[in-house]
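Trainee: Have a look; sequence and predicted model below, questions after that.
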Amino acid sequence: MARVFFTANLRRHVDCTSMEAEGETVRAVLARVFAVQDRLGTYVLDDQGALRKHMTILVDGQRIRDLEALSDAVGPHSEVWVMQALSGG
């Protein structure tokens, strides 16, 4: 199972814990996480199911490419990091 982590800056806004989840794509893994932590889903994804503009997801250290369908592959031992995209000067 993939291990899903949430950065501290995201945990300040939404109560979420790291967990393991099965799935072959980012969408499948997140669906399992959101089934347990439902408030998190509306914070991470927009009403069309795409990644919100202020969010970033990394799989094994690489930023995902498919921000709408979330079809990027996730391996059984992958690390998935969900975080708020930070900006500033």
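Mentor: Sure, I can see it.
Trainee: how far out from the middle of the chain is stretch 28-44?
Mentor: For stretch 28-44, the gap between its own C-alpha mean and the chain's C-alpha mean amounts to 8 Å (Cα atoms, centre = their mean, to the nearest Å).
Trainee: swap in stretch 25-39?
Mentor: That offset, for stretch 25-39, works out to 8 Å (Cα atoms, centre = their mean).
Trainee: Kindly report the same for stretch 68-84.
Mentor: For stretch 68-84, the distance to the chain centre is 6 Å (Cα atoms, centre = their mean).
Trainee: following the lowest-mean-pLDDT helix or strand in the chain, which helix or strand comes up?
Mentor: Ranking every helix and strand in the chain by mean pLDDT, DSSP states H and E puts helix 8-11 at the bottom, with a mean of 86. Where DSSP states H and E defines the elements, the next helix or strand beyond helix 8-11 is strand 19-21.
Trainee: Tell me the helices and strands packed up against the helix or strand just after that following strand.
Mentor: Using DSSP H and E, the next helix or strand after strand 19-21 towards the C-terminus is helix 26-36. Contacts defined by 3 or more Cβ pairs under 8 Å, 6 or more residues apart in numbering; DSSP states H and E place helix 26-36 against strand 2-6, strand 19-21, helix 38-44, strand 79-84. To be clear about C-beta, it is placed using only N, CA and C from the backbone, and glycine gets the same treatment.
Trainee: Of these, which is nearest residue 52?
Mentor: Residue 52 sits nearest to helix 38-44 of all the helices and strands packed on helix 26-36, at 6.4 Å, using Cβ to Cβ.
Trainee: Give me the mean pLDDT for the closest one.
Mentor: Averaged over helix 38-44, pLDDT sits at 90.
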